[in-house]
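*Asks:* structure for this input, please:
(2 chains)
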There are 2 protein chains.
Amino acid sequence: MKIVIIGGVAGGASCAARLRRLDESAAITIFERSGYISYANCGLPYYVGGVIENQDALTLQTPLSLKSRFNIDVKVKHEVIKIDKENKTVSVKNLVSNDVFTEKYDKLVIATGASPVYPDFYKPSERIFTLRTVEDTLKIKSFIDAKSPKTATVIGGGFIGLEMAENLMRQGIKVTVVQRDSHLLSTIDSDMASFIHPHFLRRGAALLFNKNVTDITEKNSVLYTHIEGCSPVLSDIVILATGVRPESKLAADAGLTVGLKGAITVNEHMEAYKDIYAVGDAVLVKHFVTEKDAVISLAGPANKQGRIAADNICGIKSKYSGTQGSSVIKLFDLTVASTGINEKACKSLNLDYEKIILSPLSHAGYYPGATAMTIKVLYDRSTKKILGAQIIGYDGVDKCIDIIATAMRAKMDITELQDLELAYAPPYSSAKSPVNMVGFIASNIEQGIVKQFYYEDIEKLQERDDVILLDTRTQFEYMRGHAKGFINIPLDSLRSNLHLLDKSKKIYVMCQSGVRSYIATRILMQSSFDAYNFTGGYRFYSGVLGDSVSKSAYPCGVEI
Amino acid sequence: MKIVIIGGVAGGASCAARLRRLDESAAITIFERSGYISYANCGLPYYVGGVIENQDALTLQTPLSLKSRFNIDVKVKHEVIKIDKENKTVSVKNLVSNDVFTEKYDKLVIATGASPVYPDFYKPSERIFTLRTVEDTLKIKSFIDAKSPKTATVIGGGFIGLEMAENLMRQGIKVTVVQRDSHLLSTIDSDMASFIHPHFLRRGAALLFNKNVTDITEKNSVLYTHIEGCSPVLSDIVILATGVRPESKLAADAGLTVGLKGAITVNEHMEAYKDIYAVGDAVLVKHFVTEKDAVISLAGPANKQGRIAADNICGIKSKYSGTQGSSVIKLFDLTVASTGINEKACKSLNLDYEKIILSPLSHAGYYPGATAMTIKVLYDRSTKKILGAQIIGYDGVDKCIDIIATAMRAKMDITELQDLELAYAPPYSSAKSPVNMVGFIASNIEQGIVKQFYYEDIEKLQERDDVILLDTRTQFEYMRGHAKGFINIPLDSLRSNLHLLDKSKKIYVMCQSGVRSYIATRILMQSSFDAYNFTGGYRFYSGVLGDSVSKSAYPCGVEI
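*Replies:* Predicted coordinates:
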């Protein structure tokens, strides 16, 4: 059996290695357009920042190591330029010699990945970079080493954009991030992103939101990033990080079906056509939560898909069960993680969802080093299934998101999170872990024990005089800052002051994290008040509000 | 409704707070024998070690705070000495005044916890301590501060014993741990414990295994811990940490049913008798994995049970779904975690189980700071359900155990672990996470792609001449150390050396971690060899063997 694999990074390399383990006699050839295979895609920004010091660390395998260990023929700098699916051949161009030759296959695996999106105005410049391959990385690194740029504009505030921003800042470069969306990291919601922005601002980055870049021009070695309705941003280099799109032209030209964003359509066995498989960033997946078509570029799914394609080629009927979009990113000392869909997506899908926001400690408060994290979880009101979660904090964030991701994969109801028995000792968690707390809150909501209100309700509530807005924190906390219109009755004196409150008015209760206001809400509900608990607490409210205030003060254009 | 709660720590305090949130009008009284309520049981050793500096941090609530926040009457230094379940009263002794009075209840909650097991020979001494309450902790701390003991003998190598050993060592005290079992931490298996012992030895602790303490005598302020068949261990203080037993005498005397270890029998609503509930360390639970009776002292389950009892008292039919024994302990810079049952338990239950041992990195190897962890997972061969997992390492251990604990709770098959979509970025995990790897390996075993052999097979294999023992590491690795009788053919030259191997002989393959030997096994199997892969690799083999060698060299008694 002759197997040809187009692309030798995550999905392609995984597929090749699994193929060999399953079939010692197959002839396996990988054609890779770049000069490197099986490289550490997700590590590239850290090489630029000097966190990963050794260039060799970026390549997990070499053509030679794949040959000697797996007896796989790897041809780097070879681009497949045509697939003939009826005659089962590919045309391959040797990018060094420019020779073109034809190769037969019995089974073909397309693992072409995705490529950076270039804006229409893009004109090549030695000062404008994208980051996708090892070559891209080396180019940026050597430019920095040679020319010592002082300023950079990063266009795009997604994973790559922000990791690049952090790593450029680590090199002492002043960074401006220009983001089309209203906040950094579109995978998470705008309210949650409020807790990221200060970390960039505090370190001297400039952030521009809701901004479209219209052109980049160059004059005397200075790049001018032109922004709609603003003065241009000047910088020594520009990083284009406006996303990627599936590399599917080859597949589409061959007559394979492509869908959303041009991604290659495959069945659950990763088959695109008879004897043709496709895996990784180039393919259309079923979203695990929405069950709709999705294009999601992640290394984990790509690797798994490569393995599944190999299984099926070798007669094992493995299935891919969809992508849920679990991701995590380190931003300075902060960790931001999410899984499933966010609230924006819930809204656009018209889902009947409920949301829970809480700020538990990473571990028992009495053990040194505990820090608060912000958790937002969305679930379907009718099915009780978890739709998605977003967590931001310092410690334990990756753990909590993985627990929730696992519960989602197992299709647990959100209320079942309260039954999870997670490992507890003071340095690691709390006896009631943050994830248990999500389950407790959801269970209270579902049983009618608590009713919630939300950040977006507050402005309207502040205008009404037929409601009571109540802050149940201590007088000291209240004095240090509170939401407009909220009166202060500390929780511990609520019972003795109930007579001061008008039972004919609905009462909306806030505290710092949502725990004391929940207790207050219970006291009130049982004294015949119609009471609502603010999910997230003042900590969340002030974080989101503060971000929106600071955003409105941002300059339209920054000259640095 | 009048509710009386006996015991005000984890289960009792949780129950009381939940009761109040559910029922504002109930009269709730907690009787607590000690002087403190709702204290940080799991933090006590860290106060002795000075990690937790402030004594106030140990008590999460005070009688006053529970009164003002929850309107709960807390009577500390009040011991309930009798339950009259027919007349629904308790007799309570005020331990300060010695007055005894009778209190009526509508609902009673028994949260008496567990108490340290004292050996028969035990005679009180100001130098012999147990650690269960805040009072115990303060006693140890003030003795250390006043008398500066130089040496300590810790009897018992479980959670409390080891946390105390570490914290005493932190105070500069030389520690000997005397353990009845063959290894520290009986919750984990002997092979896994091999990876803990060096961490104590390296820091100067002495460890004695398989030793029964027969007496402790005192002469000139020196304690002599007498050990069967050994010379006594001398020390300035002794910590008795030989486990706890349910505090159920009160319940048993009242005619409530008790079972295993005297633990109080309850139904899934935590009901022990009409209008009597019992929660926490005092109760008999159903083991989530074995579905058999079990007594498991853990803070998480105690808190959940307290909540469930409160729900049921207030008409919400919550159920407790069993305890799976998830635990984690910090030992110096090491983290040791487990969930479910261990291999010893699998054997004693005659289960048809398979085991997987692997040593993945905590995160992508190319990103700085990755460390190896040792994972052992057990699953049922017929049902494919996960029976238990044990993990030892530095980073990511608590995360991986919690993911597996969640999968177990969701009753996932072990092979489904390969489908988990966990959050990946280089600082946090690998594209194929350690837990995914467990799923891949299990799936390979179940599909007949790989056959395993185990540490306990090696000695017999080494005596046979009809088998080939093959080490597929590099020559350099092999030269640095290898298992007796294993010949070396590095993986990358295996294909070209197959002709050297006798196909009539079974072939047993080892490498460093189990990955290269797996690939070798696949090459061999497809070339008509009957090949077996060593689960755990030489890293595991040498760790377990080294521990057994070093144990045999331990002195029988240590005089320090």
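*Asks:* burial count for residue A:25?
*Replies:* Neighbourhood size, residue A:25 [other Cβ atoms under 10 Å in any protein chain shown]: 9. Glycine gets a C-beta too; all of them are placed from N, C-alpha and C.
*Asks:* tell me the SS of it?
*Replies:* Under DSSP: H, G, I helix; E, B strand; the rest coil, residue A:25 falls in the coil class.
*Asks:* look up how far chain B lies from it.
*Replies:* Look at residue A:25 and chain B: by Cβ to the nearest Cβ, to the nearest Å, they are 7 Å apart.
*Asks:* how about residue A:385?
*Replies:* From residue A:385 to chain B the distance is 13 Å (Cβ to the nearest Cβ).
*Asks:* neighbours of that residue, how many?
*Replies:* With other Cβ under 10 Å as criterion, residue A:385 counts 15.
*Asks:* now residue A:14
*Replies:* By other Cβ under 10 Å, the residues close to residue A:14 number 26.
*Asks:* that one and residue A:302 touch, don't they?
*Replies:* Yes: if you go by Cβ atoms under 8 Å, residue A:14 and residue A:302 touch, sitting 7.4 Å apart.
*Asks:* now do the contacts for the residue of the stretch 301-450 of chain A found nearest chain B.
*Replies:* The stretch 301-450 of chain A approaches chain B most closely through residue A:410 (3.3 Å), counting by Cβ to the nearest Cβ. With contact taken as Cβ atoms under 8 Å, 6 or more residues apart in numbering or on different chains, residue A:410 is in contact with B:406-407, B:410-412, B:416.
*Asks:* same check on residue A:370?
*Replies:* Per Cβ under 8 Å, 6+ apart, neighbours of residue A:370: A:361-364, A:395.
*Asks:* ditto for residue A:69
*Replies:* Shown in contact with residue A:69 (Cβ under 8 Å, 6+ apart): B:491-492, B:519.
*Asks:* cool, residue A:383 as well?
*Replies:* Applying Cβ under 8 Å, 6+ apart, we find residue A:383 in contact with residue A:413.
*Asks:* pLDDT at it, what is it?
*Replies:* Each residue has a pLDDT score; the one for residue A:383 is 98.
*Asks:* run through the strands of the stretch 351-500 of chain A in chain order.
*Replies:* Under the criterion DSSP state E, counting those that start in this stretch, the stretch 351-500 of chain A contains strands at A:353-358, A:374-380, A:386-393, A:452-453, A:467-471, A:487-488.
*Asks:* worst-scoring helix or strand of chain A, pLDDT-wise?
*Replies:* Between all helices and strands in chain A, the lowest mean by mean pLDDT, DSSP states H and E belongs to helix A:537-552, at a mean of 92.
*Asks:* now do that helix against strand A:467-471, angle only.
*Replies:* Here helix A:537-552 points in a direction 100 degrees away from that of strand A:467-471 (axes from the mean of the first three to the mean of the last three Cα atoms, to 10 degrees).
*Asks:* buried residues in helix A:537-552?
*Replies:* A:537-545, A:547, A:551 (16 or more other Cβ atoms under 10 Å in any protein chain shown).
*Asks:* packing partners for that helix?
*Replies:* Packing contacts for helix A:537-552, counted by 3 or more Cβ pairs under 8 Å, 6 or more residues apart in numbering or on different chains; DSSP states H and E, involve helix A:190-193, helix A:197-202, strand A:374-380, helix A:455-463, strand A:506-510.
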